[in-house]
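**Q** turn this into a model:
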Amino acid sequence: MGKIRFGLYGYGKVAHLHAKAIAASGNASLVSICGRDPDKAGAFARSWGIEARSSAAEMADRDKVQAVIVTTPHPLHAAHAIECLEAGLNVIVEKPMALKVADCDAMVSAARSRKLSLGVISQRRWYPSTIRIKRAIEKGDLGIPLLGQVIILGWRDQAYYNSDPWRGTWEHEGGGVIVNQAPHQLDLLSWFMGPVSGVSGSWINANHPYIKVDDSAVATVHFANGGLGSVFVSNSQKPGIYAKVYIHGSSGASAGVQTDGGAMFIAGMSGVLEPPYNDLWTIPGQEKMLDGWKREDASYFSRIDPTWHFFSLQIDDFASALAEGRKPLVTGEDGREAVKIIEGIYESAKIGRTVFY
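**A** Numbering: from 1, shown residues only. You can find the predicted model right below:
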């Protein structure tokens, strides 16, 4: 079977990174794009030597597209993903999968009913440092993962929010740090800890008077295995400090990763300043491996472009899964777990009590 023919739905900054990722993939090729503004879609298409179409159905019919990456603003993810699925196309949707769990359920149902694949962009699962934690959990080195932490101390300035008209609004972005910067770390938390069963959280706007949404939030997450998670995320710390995910197991051992360091990556606007690395590891007999791993990971990152390389690895897996008739490594059901946390924070803040799933 030849390369899987991909289309893009949406032509914003992150779409260009996905185009680079597909170009580097051994299993995928980019053939067309669609979006609501034909001029912008046409300009994108010309820059990449592909076709511009008016809809997912037209991409499927005229370009024989097999899979689409949805890169439109967050509130549109569900509608656009379902449009693609109804056109018979497999779908990878950018993070977050949607803003509501009910929308995730509708997306999963649309894929299942048509025997199509649905995935969610979660490229940090391909970091060597996060894979180490997942493998340690699977091997039982931590015992049962019972306590998890997400800490994001980031920064976004007014120029960032002015860079696109949809940023910083409930209507067009769907929220702030919770829906835009935190989903990758929330995804890792649920990947490590398992299904989410409840969320209690609150949010504030600490120092961004020019936006209407949250820039900081805290939450407690309940997991089906009886574990708890602590979430502390903020875009209010100049110039951006770090993002970390820590897991503590029933054995007393802990493992952690700094996924982002310094001023954090902005798709299409900045680079990745620091390689992610394991900064906590107390598994007996492995405590002294951190320095070696950090050198290995720094060397690896020096040889790639981390702004799109890990997209390419996930796209490769999705394309391979289609060719092999298996599930991709990240499914719609997986992406739904992070949305539970996102929805749960906003809803529990609104009603003043824990939201259970």
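**Q** dihedrals phi and psi, G352?
**A** Per-residue torsions, G352: phi 80, psi 20 (degrees, to the nearest 10).
**Q** what's the mean pLDDT across stretch 78-97?
**A** Mean pLDDT, stretch 78-97: 98.
**Q** just stretch 136-156 next, same as before
**A** 97.
**Q** list the buried residues in it.
**A** Within stretch 136-156, the residues that count as buried by 16 or more other Cβ atoms under 10 Å are 136-137, 141-142, 145-156. No exception for glycine: its C-beta is placed from N, CA and C like everyone else's.
**Q** give me the subset of those residues lying in strands.
**A** 145-153 (DSSP state E).
**Q** just send the residues you listed back as JSON lines, with distance to G12 too.
**A** As requested, those are arranged in JSON lines below (distance: Cβ to Cβ, whole Å):
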{"residue": "P145", "distance to G12": "35"}
{"residue": "L146", "distance to G12": "39"}
{"residue": "L147", "distance to G12": "37"}
{"residue": "G148", "distance to G12": "31"}
{"residue": "Q149", "distance to G12": "31"}
{"residue": "V150", "distance to G12": "26"}
{"residue": "I151", "distance to G12": "28"}
{"residue": "I152", "distance to G12": "22"}
{"residue": "L153", "distance to G12": "26"}
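**Q** so the residue lying farthest from the centre of the chain, which state does it fall into?
**A** The centre of the chain is farthest from one residue, G285, which by Cα atoms, centre = their mean lies 32.6 Å away. Three-state assignment for G285 (DSSP: H, G, I helix; E, B strand; the rest coil): coil.
**Q** relative to the whole chain's centre, how far out is the worst-scoring helix or strand of the chain on mean pLDDT?
**A** Using mean pLDDT, DSSP states H and E, helix 158-162 stands out as the lowest-scoring helix or strand of the chain, at a mean of 91. How far helix 158-162 lies from its chain's middle: 21 Å, per Cα atoms, centre = their mean, to the nearest Å.
**Q** what comes up buried for that helix?
**A** 160-161.
**Q** same deal with stretch 326-342?
**A** The neighbour-count check on stretch 326-342 (16+ other Cβ under 10 Å) flags 328-342 as buried.
**Q** check stretch 190-205 too.
**A** Buried residues in stretch 190-205 (16+ other Cβ under 10 Å): 190-194, 196-201, 203, 205.
**Q** and if you look at stretch 75-84?
**A** 75-78, 80-84.
**Q** all helices of the stretch 101-250 of the chain, in order?
**A** According to DSSP state H, counting those that start in this stretch, the stretch 101-250 of the chain carries its helices in the segments 101-113, 128-139, 158-162, 183-193.
**Q** quick one: contacts of stretch 115-123?
**A** Outside of stretch 115-123, the residues within contact range by Cβ atoms under 8 Å, 6 or more residues apart in numbering are 67, 69, 81, 85, 88-97, 107-108, 110-111, 184, 187, 191, 310-311, 313-314, 318, 321-322, 327-328, 330-332, 334-335, 338.
**Q** and the strands in the protein?
**A** 4-9, 28-34, 51-53, 67-70, 90-93, 118-120, 145-153, 196-204, 216-223, 228-234, 242-249, 254-261, 277-281, 355-356.
**Q** among the ones you listed, which is the most enclosed?
**A** Stretch with highest mean neighbour count among those: strand 118-120 (a mean of 29; mean count of other Cβ atoms under 10 Å).
**Q** walk me through which strands that strand pairs with, and which way each runs.
**A** According to DSSP bridges, strand 118-120 has the following sheet partners: strand 90-93 (parallel).
**Q** can you dump the C-alpha coordinates of the strand it pairs with into CSV?
**A** Extracted C-alpha coordinates of strand 90-93, given in CSV (Å, rounded to 0.1, in the frame of the first residue of the first chain):
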residue,chain,number,x,y,z
ASN,A,90,-10.2,9.2,9.0
VAL,A,91,-9.4,12.1,11.3
ILE,A,92,-6.7,13.4,13.6
VAL,A,93,-7.9,16.4,15.5
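**Q** all numbers from here: first residue = 643
**A** With the count now opening at 643, the last piece we talked about shows up as strand 732-735.
**Q** grab the nearest non-local neighbour of G869.
**A** Closest residue to G869 apart from its sequence neighbours, by Cβ to Cβ, 6 or more residues apart in numbering: L788 at 4.1 Å.
**Q** where do the domain boundaries of this protein fall?
**A** Following automatic domain parsing, the chain resolves into domains at 646-765+952-972, 766-946+981-993.
**Q** list the buried residues for stretch 812-831?
**A** 812, 815-831.
**Q** then stretch 684-699?
**A** Residues of stretch 684-699 classed as buried under the neighbour-count rule (16+ other Cβ under 10 Å) are 686-687, 690, 692-695, 698-699.
**Q** which of those sit farthest apart?
**A** Farthest pair in the buried residues of stretch 684-699 (Cβ to Cβ) is W690 and A699. Separation: 21.0 Å.
**Q** only alpha carbons, please: show the longest helix along the chain as PDB.
**A** Ranked by number of residues, the top helix in the chain under DSSP state H is helix 974-993. Provided in PDB are the C-alpha atoms of helix 974-993 (Å, rounded to 0.1, in the frame of the first residue of the first chain):
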ATOM      1  CA  GLY A 974     -10.400   9.500  20.400                       C
ATOM      2  CA  GLU A 975     -11.100   7.700  23.600                       C
ATOM      3  CA  ASP A 976      -7.700   8.700  24.800                       C
ATOM      4  CA  GLY A 977      -8.200  12.300  23.900                       C
ATOM      5  CA  ARG A 978     -11.500  12.300  25.700                       C
ATOM      6  CA  GLU A 979      -9.700  11.900  29.100                       C
ATOM      7  CA  ALA A 980      -8.000  15.300  28.800                       C
ATOM      8  CA  VAL A 981     -11.300  16.900  27.900                       C
ATOM      9  CA  LYS A 982     -12.800  15.500  31.100                       C
ATOM     10  CA  ILE A 983     -10.300  17.600  33.000                       C
ATOM     11  CA  ILE A 984     -10.800  20.700  30.900                       C
ATOM     12  CA  GLU A 985     -14.600  20.600  31.100                       C
ATOM     13  CA  GLY A 986     -14.400  19.500  34.700                       C
ATOM     14  CA  ILE A 987     -12.400  22.600  35.800                       C
ATOM     15  CA  TYR A 988     -14.800  25.000  34.100                       C
ATOM     16  CA  GLU A 989     -17.900  23.200  35.200                       C
ATOM     17  CA  SER A 990     -16.900  22.600  38.800                       C
ATOM     18  CA  ALA A 991     -15.800  26.300  39.100                       C
ATOM     19  CA  LYS A 992     -19.300  27.200  37.900                       C
ATOM     20  CA  ILE A 993     -21.400  25.000  40.100                       C
END
